[in-house]
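Student: the following comprises the amino acid sequence and a computationally predicted model.
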Amino acid sequence: MAGAVRRRLHPGESGPLENLPRFRHSARRRLTATQLAGFGSVAALALMFLACWTALALKLAHVAAAAVFLLACAWRVLAVVLSETPASPAAGLPDGDLPTYSVIVPLYREASVVGELLNALEAIDYPRRKLEIIFVVEPDDPETAQALAAAGLPGFARILVNPPGAPKTKPRACNSALSVARGERVVIYDAEDEPDPQQLRVAAAAFAADPRLACVQAPLRVSQPTCFLQRQFALEYACQFEVILPALARLGLPLPLGGTSNHFVTARLREAGGWDAFNVTEDAELGFRLTAHGWRTGVIGAATYETAPHSFPVWLKQRSRWVKGYLQTWFVHMRRGWGWSVPRLGALQLTVGLTAVSAMAHGPLTLLACLAVGLRVLMPWDALLLAAGWLAAVLAMGRGARRAGLRMGVIDALLAAVYWPLQSLAAAIALWQFVAAPHRWEKTPHVPRARPQREPVAAASEATVVAGGAGVQAPRFRSLNSVSGARPPPSRAR
């Protein structure tokens, strides 16, 4: 990128300089001195008030908690009313007008799902001469690089070995790829993703229709949810990506982006500084930063299918990372938040702030409610408020489930009240890690779906494996589309 500003690394970050400007606010710092002083003062005053006027303090806390709960209910109902399925472009762009596209796929210890990943990427309907795929692997993970090589890569794909350095996070790997990406548009996919074959074309048309857009988010849907945990996870995704985000987009508010299937205008992403390597929910933070630069974020309808966590320990690690990342995002953007407009500041509270608080509060509030019922001291209006909260959440999940093609039964709705308190355990871990290990990346392991794996193909020529930005010659493999007759897109259980 000729004439680009070389990016200065944040303190504590190591690795090669990238063609990205350094942004002012980063999750490298947990809290600023001003934030520490402010929260410390509020906590001290609250404790003094509690000690001196215990009964009044408890009543005020009760009223405040009820107000926040009522606000959350109202927001969910409003989101259901405002949200709508993103309209497909009236006409897609002809191939000659399509922008060049870079697909970035950060991978770490994903050798077991490489075959499925390549099948999903092969199904993408986009002119190959305008497409590049960058697989980013870590230097201590040769198994994934070997699996990619053995499975066969097309000529427009390359493997980038992320240079050793800190922090060891997905956003740092994405920044390494962004610094060498050649596409005018860029999208992030995870190892388990199955994007709609038309997704890149739909995103390109959305950018062409709105010149103010910097990013569009594709809905994430869970394929083949079976057990209690996976079904609740799928319904949670449906609520977030089919209801909440479309409502925010309709209001013109910032989006807390998901961790994958985000499509960007490359120049604007670079101008914003790329991803914060220290934030463990990097895309949620980036959505607000792009808006702070004056650009818009939106949604599209072409979905990406993912797998849900296959066990409770996996779910717990992933959810604790998400809550920790939301805490990081909230504190980072509150440093600049007071200079924002009221709608933008409100969007931060209704999405990032409310999600983190809800995760912390679900468990204790459920326990208190059960105790109140057992002791027969539950106030009628508290019972009505709890019922309203459950109904609002079920309404949002039901609307999202219909759009995502999921079946939501009465049992699913009832079991949601069992699922929600589990998040408080993840929140407790997140709070501890926010202090003790703020930049630790809790890796989510993925297991293959029950489908045939891609067969390895013999080496045909030579391709380039990029190691730390320098080209290293390594075996090149037969192109995904080198055989006549494209392989059909993978089937998806809906």
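Tutor: Received the coordinates, thanks.
Student: from here on, contacts and neighbour counts on C-alpha atoms
Tutor: Noted.
Student: does residue 190 count as helix, strand or coil?
Tutor: The three-state label given to residue 190 by DSSP: H, G, I helix; E, B strand; the rest coil is coil.
Student: okay, now it: neighbour count?
Tutor: 16 (other Cα atoms under 10 Å).
Student: buried residues in the helix or strand containing residue 360?
Tutor: Residue 360 is located in helix 354-375, with elements delineated by DSSP states H and E. For helix 354-375, a neighbour-count test (16 or more other Cα atoms under 10 Å) marks 354-363, 366, 369 as buried.
Student: contacts for that helix?
Tutor: 72, 323, 326-327, 378, 420-428 (Cα atoms under 8 Å, 6 or more residues apart in numbering).
Student: show me which of these is closest to residue 93.
Tutor: Residue 93 lies nearest to residue 326 out of these, by Cα to Cα, at 36.4 Å.
Student: for the closest one, what are its contacts?
Tutor: Residues in contact with residue 326 (Cα under 8 Å, 6+ apart) are 281, 284-285, 352-353, 355-356.
Student: check what pLDDT it gets.
Tutor: pLDDT, residue 326: 97.
Student: measure it to residue 333 for me?
Tutor: 10 Å (Cα to Cα, to the nearest Å).
Student: what sits in contact with each of these two?
Tutor: residue 285.
Student: hang on, the earlier thing: just the ones of the contacts of helix 354-375 in helices?
Tutor: The members of the contacts of helix 354-375 that map onto helices under DSSP state H are 72, 323, 326-327, 420-428.
Student: for the stretch 301-450 of the chain, which segments count as strands?
Tutor: In the stretch 301-450 of the chain, the strands defined using DSSP state E, counting those that start in this stretch lie at 304-306.
Student: low-confidence ranges, it, go.
Tutor: 337-339, 450 (pLDDT under 70).
Student: where exactly do the helices run in the stretch 251-400 of the chain?
Tutor: For the stretch 251-400 of the chain, helices defined by DSSP state H, counting those that start in this stretch occupy the ranges 266-271, 282-292, 312-337, 342-348, 354-375, 380-404.
Student: the second one packs against which elements?
Tutor: Yep, that's helix 282-292 we're talking about. strand 296-299, helix 312-337 (3 or more Cα pairs under 8 Å, 6 or more residues apart in numbering; DSSP states H and E).
Student: hmm, try it at 10 Å
Tutor: Contacts defined by 3 or more Cα pairs under 10 Å, 6 or more residues apart in numbering; DSSP states H and E place helix 282-292 against helix 170-178, strand 213-217, helix 266-271, strand 296-299, helix 312-337, helix 342-348.
Student: got those as JSON lines, with distance to residue 149 columns?
Tutor: Shown next, in JSON lines, are the helices and strands packed on helix 282-292 (distance: least, Cα to Cα, whole Å):
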{"stretch": "helix 170-178", "distance to residue 149": "18"}
{"stretch": "strand 213-217", "distance to residue 149": "30"}
{"stretch": "helix 266-271", "distance to residue 149": "27"}
{"stretch": "strand 296-299", "distance to residue 149": "34"}
{"stretch": "helix 312-337", "distance to residue 149": "28"}
{"stretch": "helix 342-348", "distance to residue 149": "42"}
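Student: right, so of these, which gets closest to residue 63?
Tutor: helix 342-348 (20.4 Å).
Student: count of residues packed around the nearest residue to residue 256 once chain neighbours are set aside?
Tutor: Sequence neighbours aside, residue 284 is the residue nearest to residue 256 in space, at 4.0 Å (criterion: Cα to Cα, 6 or more residues apart in numbering). Residue 284: 23 surrounding residues under other Cα under 10 Å.
Student: what do you get for residue 52?
Tutor: 11.
Student: what about residue 145, how many residues nearby?
Tutor: A count of neighbours around residue 145, defined by other Cα under 10 Å, yields 24.
Student: and residue 159, that one's in a strand?
Tutor: Yes. Secondary structure of residue 159 (three-state DSSP): part of a strand.
Student: could you number the chain from 124 rather than 1 from now on?
Tutor: Sure thing, new numbering starts at 124, so read that last one as residue 282.
Student: please name the bridge partners of it.
Tutor: Counting by DSSP bridges, residue 282 is bridged to residue 258, residue 588.
Student: does it touch residue 270 like I think?
Tutor: No. With contact defined as Cα atoms under 10 Å, residue 282 does not count as touching residue 270 (11.3 Å).
Student: of the two, which one has the most company?
Tutor: Taking other Cα under 10 Å, residue 282 and residue 270 do not tie; residue 282 has more neighbours (24 against 17).
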